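Student: Structure for this input, please:
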Amino acid sequence: EEMSLACSTLPKQVLTASDLSLAPWLSNSSFFRLKTEIVKAIGVEWEQVEDVAPTTALQRGMILDALQDPGRRTYVHSFTYQLGRVDAQRLHAALLDLIRRRSTLRSRFALDAAAGATQIVLKAEHCHDIVLPIRDCRDDPEIRAAVEELSSDAGIGDFRSAPCRFGIFRSASGDVSMVWVMSHALYDGWSIGILEREYRILYDSRTVDDLDVIGEDVPFSNVARFLGLRDNEEDIQFWSGFMQGAQALPLSKASTRSLPGDELGRQWIARGQTEAVCNGTAKLPGIPLSTIFIFAAAATLGAYYDVDDVTFGLVLSGRTLPINGIERIVGPCINTMPCRLRLTKEANVLQHLGQFQNDLDRVQDHASVGLLEATQAASVSGPAITRVLLDFDGYSDSSVGLPNDAHVEPGHVSVQSISKAGPSDLTITGSITPEGRLQVHLLAGEAILISEDAGAMALKICQLVESMNTSHGNLSLREVQAVGMEERAQILDFAQGSSWLEAGEYESALARQLSTIS
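Tutor: As a prediction, this is how the structure comes out:
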């Protein structure tokens, strides 16, 4: 609480070495070099600077990855909006007002051997170039070409010089499009939702000087300073014990079926939905739906890969830090941490859930360190473990890259193929539909899962969630992982004419893990 208060009262107008005394990460000599040399290296004069802050472990990791990319496009993303018949001049003014009110959008990053990666926040009067001049185009094809040109510009999105840019394009018919290019070091998914809402409010508002329209700025530098002042020794001790001996899931063993050559290099997007309405509340006392979903996803992975110790990356919102107004902060608060679920087949599901909830609480409590620090403390491979990511979004029905026309009926699953968009990872996300049903999105490379398995896995997770809710957890893990009637029929059909039936082995095979049956 004391650190949070100190952050919120830190002087912002005139920065001196004494103003930065709350941040021991920066020595007086480093501050002098920052003031006289480092900021100039990113094209900034000290008189233009409003604030200085350290960077978080997540930001440093993204900056390191960006430095290793010759094209400088790593962690640079663009968002395109077709806005229709809006007033382009008014939109331009609203975006400039948003830049003025939200300091994160005015940030750049400077690098120094002693001070490390430092976040430099510029004064609003020096940031008019963040919103580019309105560009008039003849027709939609010219707009699309202009949007593509801006999105692929190697200089835009660079964390040192132009980490955030807005472009507005107006066609001869009056339709307006907006493209927003930004380094991921400045935002997370939660932040995008905040900014989308706030620029619309500013566009609609006629009292642009009223701070109450979108509220006062809560700088992301508050988060960086808080984490920089935190003593992480207890966190490191936790990760050293919690993840000790953890092994990454054997993703390379997932697919044994040969695939047509034209499918290589693609990804599957599978989406399943529960039949029952969950309404975001589990029927198990003290166990939220998010825990049940993550448990069901991890248990399904354990069955598929035939392991009792399931490790994965867990996506955390990062919005639980004791900082006033953190729910309104624009910045990459999100964090990915390692997690594990140890399974015992005969144990009661409710017992599993209780222990797993306790583990999740501890993971949340000690998530202030970065993924690298956590996995190094336990001498395990963070990149290997986090090739599998589990995430629960209880606030929106995110499509996670699915086409807008994708539709799935309750109790069913849909599987679609897309061009490969990244590394061969496996990401499973749970969300709540507007009707209150749990929806599971699964994204995986075809080298990891064949399409049938991608769909079956998404549906199995939905079935496990429903089974645990209806039984109130009074089942063993073996019972909730049992092979269903449809799967049994498929296995028997597959076994026709083979030695399985003759030897009577299929009955024992049905009792094994799903991966063994496959």
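Student: by contact count, what packs against whatever helix or strand Ile99 lives in?
Tutor: Taking DSSP states H and E as the definition, Ile99 sits inside helix 88-101. Packed against helix 88-101 by the contact rule (3 or more Cβ pairs under 8 Å, 6 or more residues apart in numbering; DSSP states H and E) you find strand 164-171, strand 176-183, helix 189-204. (C-beta placed from N, C-alpha, C; glycine too.)
Student: burial measure for the closest residue to Thr336 other than its chain neighbours, as a count.
Tutor: Nearest non-adjacent residue to Thr336, counting by Cβ to Cβ, 6 or more residues apart in numbering: Gly313, 4.9 Å away. When neighbours are counted by other Cβ atoms under 10 Å, Gly313 registers 22.
Student: so the helix or strand containing Gly313 versus helix 189-204, what angle?
Tutor: Assessed by DSSP H and E, Gly313 sits inside strand 309-316. Counting by axes from the mean of the first three to the mean of the last three Cα atoms, to 10 degrees, strand 309-316 lies at 20 degrees to helix 189-204.
Student: Please state the offset of strand 309-316 from the chain centre?
Tutor: 13 Å (Cα atoms, centre = their mean, to the nearest Å).
Student: ok, now stretch 365-375?
Tutor: 16 Å.
Student: Stretch 412-421 too?
Tutor: So, by Cα atoms, centre = their mean, the centroid of stretch 412-421 is 19 Å from its chain's centroid.
Student: for stretch 56-74, same thing?
Tutor: Using Cα atoms, centre = their mean, the offset of stretch 56-74 from its chain centre is 16 Å.
Student: For the helix holding Ile99, which outside residues touch it?
Tutor: 83, 105-106, 124, 127-128, 130-131, 134, 166, 168, 170, 176, 178, 195, 198-199, 202-203, 208, 211, 214, 217 (Cβ atoms under 8 Å, 6 or more residues apart in numbering).
Student: The top helix by length along the chain - contacts with which helices or strands?
Tutor: Determined from DSSP state H, the single longest helix within the chain is helix 451-471. In this structure, helix 451-471 makes packing contacts with strand 266-277, helix 289-305, helix 349-365, strand 413-419, strand 426-432, strand 437-445, helix 477-480, judged by 3+ Cβ pairs under 8 Å, 6+ apart.
Student: one step back: so the residue nearest to Thr336 versus Ile428, what's the distance?
Tutor: 11 Å (Cβ to Cβ, to the nearest Å).
Student: what is in contact with the two at once?
Tutor: By Cβ under 8 Å, 6+ apart, the residues touching both Gly313 and Ile428 are Val388, Leu389, Leu390.
Student: Looking at the residues you listed, which is nearest Lys35?
Tutor: Leu389 (40.4 Å; Cβ to Cβ).
Student: doesn't that closest one fall inside a strand?
Tutor: Yes - assigned with DSSP: H, G, I helix; E, B strand; the rest coil, Leu389 falls within a strand.
Student: Number of residues surrounding it?
Tutor: 17.
Student: ok, it - contacts?
Tutor: So Leu389 contacts Phe312, Gly313, Leu314, Val315, Thr336, Asp425, Leu426, Thr427, Ile428 (Cβ under 8 Å, 6+ apart).
Student: Tell me which helix or strand in the protein has the weakest average pLDDT.
Tutor: The helix or strand of the chain with the poorest confidence is helix 514-517; it has a mean of 47 (mean pLDDT, DSSP states H and E).
Student: ok so, going back, which of the contacts of helix 88-101 are buried?
Tutor: Buried subset of the contacts of helix 88-101 (neighbour count, 16 or more other Cβ atoms under 10 Å): 83, 105-106, 124, 127, 130-131, 166, 168, 170, 176, 178, 195, 198-199, 202-203, 214, 217.
Student: My guess is Glu435 contacts Val277. True?
Tutor: Yes - with contact defined as Cβ atoms under 8 Å, Glu435 reaches Val277; the gap is 6.4 Å.
Student: can you list the contacts of Leu389 in a markdown table and add distance to Ile292 and pLDDT?
Tutor: Listed next are the contacts of Leu389 as a markdown table, based on distance: Cβ to Cβ, whole Å; pLDDT from 0 to 100:
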| residue | distance to Ile292 | pLDDT |
| --- | --- | --- |
| Phe312 | 16 | 96 |
| Gly313 | 19 | 94 |
| Leu314 | 14 | 94 |
| Val315 | 16 | 91 |
| Thr336 | 21 | 89 |
| Asp425 | 23 | 83 |
| Leu426 | 20 | 90 |
| Thr427 | 19 | 92 |
| Ile428 | 14 | 94 |
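Student: ranking the residues you listed by neighbours, who comes first?
Tutor: Counting neighbours by other Cβ under 10 Å, Ile428 comes out on top of the contacts of Leu389 with 27 neighbours.
Student: Is it correct that it is in contact with Leu390?
Tutor: Yes - here Ile428 reaches Leu390: they are 5.4 Å apart, a contact under Cβ under 8 Å.
Student: Could you say whether the closest residue to Ile42 other than its chain neighbours sits in a helix, a strand or coil?
Tutor: Among residues not flanking Ile42 along the chain, Arg160 sits closest, at 4.7 Å (Cβ to Cβ, 6+ apart). The assignment at Arg160 comes out as coil when based on three-state DSSP.
Student: how far away is Arg160 from Ile432?
Tutor: Distance from Arg160 to Ile432, by Cβ to Cβ: 39 Å.
Student: pLDDT score for Cys164?
Tutor: pLDDT, Cys164: 92.
Student: My guess is it contacts Ala185. True?
Tutor: No - Cys164 is beyond contact range of Ala185, at 10.1 Å (criterion: Cβ under 8 Å).
Student: avg pLDDT for stretch 437-446?
Tutor: 88.
Student: Same question for stretch 30-41.
Tutor: Here the average pLDDT along stretch 30-41 is 85.
Student: about what we covered before: quick one: which of the helices and strands packed on helix 451-471 is nearest Lys460?
Tutor: Of all these, the one in closest proximity to Lys460, counting by Cβ to Cβ, is helix 289-305 (5.0 Å).
Student: wait, which of the helices and strands packed on helix 451-471 is closest to Gln119?
Tutor: helix 349-365 (24.7 Å).
Student: Show me what the closest one is packed against.
Tutor: The contact analysis (3+ Cβ pairs under 8 Å, 6+ apart) places helix 349-365 against helix 233-242, helix 289-305, strand 309-316, strand 335-342, helix 451-471, helix 477-480.
Student: among those, which is the most enclosed?
Tutor: Stretch with highest mean neighbour count among the helices and strands packed on helix 349-365: helix 289-305 (a mean of 24; mean count of other Cβ atoms under 10 Å).
Student: how about low-confidence regions in the protein?
Tutor: 1-26, 206-211, 252-265, 279-284, 394-407, 419-424, 471-518 (pLDDT under 70).
Student: Got the domain ranges for it?
Tutor: Domain assignment of the chain by automatic domain parsing yields the ranges 2-229, 265-482, 483-518.
Student: do you know which of the ones you listed lies nearest Gln247?
Tutor: Between the domains of the chain, domain 265-482 lies closest to Gln247; by Cβ to Cβ that is 6.5 Å.
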